[in-house]
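**Q** Have a look at this prediction, sequence included:
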Amino acid sequence: MAAAALLRIGAQQGEEPVRLVPGMDGLRAPARLSVVVLLALCALTAIGVARLLAHTGARLRRGVVALLAVTIFAEGWAAPLRLAAFDPGGRVDDRGAYGWLARQPEGAAIELPILEWSIAPTLTYQYATLAHRHPIVNGYSGYGSALQQFLGGAASPLNDLEHLDQVLELLRAIGVRYALVHPADYADPRVGTDTLIALRRGQAAEEFQSPGVSAFRLRDEPIGLRRLTRGHRGNSYGVVDLRRAHNRHSYTQPGR
């Protein structure tokens, strides 16, 4: 108990105990070791109460135990619980696009907008992977994805719509084959509409529209790679086949 308490305090204050104990750096929230402290305190409390009541009458013991039970129940009571309504089938306006995606060949997808750290709408996109079965770049977990943090951050290249083609070429080269745009999920829906326009005039090879989302299949061969691999064989240009690299290193998060 003492060790758990020390580690919990150290986790809150960034002290050395957390960094010195092997394996502690692998815990996302070392402060949750407080559960071990609480468990030990409960055991000690039960032992103490049992000794205090050992020489009392049965009626008194039953009364004290009942009072303690009511107190514990009242202390842990939390009502009403606030729950967010969620349809098991996902958002109605998204189902058509996800049904289309489920029928497409294998390939990763990116949902736009992509946010660096946000429960909504990221968890909605993540939940939808149960229906369409494609890995997505987006994801919400205790551990972040470097790619999502980069694409979802304030300095994301996806915010520069004039160069969206180049960003999508990069994503296509590492295995992202589909892009889904949800205009209503943007802080400014006009940005979502402008993203749709940029996609349609650039990397989109096929589009499926449903009321709340437009799903795109990106070009099989990114324009930039095709341009580089043709007509520059006799000069000093170096071309890296990122698609081969993708076979060795995956940069997308599997659906959960």
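**A** Structure's in. What do you need?

**Q** what are the ranges of the strands in the stretch 1-150 of the chain?
**A** 108-112 (DSSP state E, counting those that start in this stretch).

**Q** Can you show me the helices along it?
**A** Along the stretch 1-150 of the chain, counting by DSSP state H, counting those that start in this stretch, helices occupy 2-13, 16-20, 34-52, 58-75, 95-102, 122-132, 146-152.

**Q** Just send those helices back as JSON lines, with mean pLDDT too.
**A** Shown next, in JSON lines, are the helices of the stretch 1-150 of the chain (pLDDT from 0 to 100):
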{"stretch": "helix 2-13", "mean pLDDT": "52"}
{"stretch": "helix 16-20", "mean pLDDT": "62"}
{"stretch": "helix 34-52", "mean pLDDT": "89"}
{"stretch": "helix 58-75", "mean pLDDT": "91"}
{"stretch": "helix 95-102", "mean pLDDT": "95"}
{"stretch": "helix 122-132", "mean pLDDT": "92"}
{"stretch": "helix 146-152", "mean pLDDT": "87"}
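
**Q** Please report phi then psi for the closest residue to residue 151 other than its chain neighbours.
**A** Distances taken as Cβ to Cβ, 6 or more residues apart in numbering place residue 114 nearest to residue 151, at 5.1 Å, with adjacent residues excluded. Yep, even glycine has a C-beta here, placed from its N, CA and C like the rest. Main-chain dihedrals, residue 114, degrees, to the nearest 10: phi -110, psi 130.

**Q** Near residue 114, how many other residues are there?
**A** Look at residue 114: counted by other Cβ atoms under 10 Å, it has 23 neighbours.

**Q** Make sure it is actually in contact with residue 150.
**A** No: Residue 114 is beyond contact range of residue 150, at 9.7 Å (criterion: Cβ atoms under 8 Å).

**Q** list the residues that contact both of these two?
**A** residue 156 (Cβ atoms under 8 Å, 6 or more residues apart in numbering).

**Q** Check the burial of the residue nearest to residue 163 when sequence neighbours are not counted by counting its neighbours.
**A** Leaving aside its chain neighbours, residue 163 sits nearest to residue 157 (6.7 Å; criterion: Cβ to Cβ, 6+ apart). Residue 157: 15 surrounding residues under other Cβ under 10 Å.

**Q** can you check residue 110 too?
**A** For residue 110, using other Cβ under 10 Å, the count is 25.

**Q** Show me what it is bridged to.
**A** residue 179 (DSSP bridges).

**Q** wait, isn't it in contact with residue 135?
**A** No: contact criterion Cβ under 8 Å: residue 110 and residue 135 do not qualify, at 10.2 Å.

**Q** if we can go back for a sec, figure out which of the helices of the stretch 1-150 of the chain is closest to residue 163.
**A** When those are compared by Cβ to Cβ, helix 146-152 sits nearest residue 163, at 13.4 Å.

**Q** can you list the residues that contact the closest one?
**A** Residues contacting helix 146-152 (Cβ under 8 Å, 6+ apart): 110, 113-118, 137-139, 156-158, 251-253.

**Q** hmm, try it at 7 Å
**A** Residues from elsewhere that reach helix 146-152, judged by Cβ atoms under 7 Å, 6 or more residues apart in numbering: 114-116, 137-139, 156, 158, 251.

**Q** JSON lines please, covering those residues and showing distance to residue 84 and pLDDT.
**A** Formatted as JSON lines, the contacts of helix 146-152 follow (distance: Cβ to Cβ, whole Å; pLDDT from 0 to 100):
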{"residue": "114", "distance to residue 84": "21", "pLDDT": "92"}
{"residue": "115", "distance to residue 84": "17", "pLDDT": "86"}
{"residue": "116", "distance to residue 84": "21", "pLDDT": "79"}
{"residue": "137", "distance to residue 84": "24", "pLDDT": "92"}
{"residue": "138", "distance to residue 84": "19", "pLDDT": "88"}
{"residue": "139", "distance to residue 84": "19", "pLDDT": "83"}
{"residue": "156", "distance to residue 84": "27", "pLDDT": "91"}
{"residue": "158", "distance to residue 84": "27", "pLDDT": "92"}
{"residue": "251", "distance to residue 84": "30", "pLDDT": "41"}
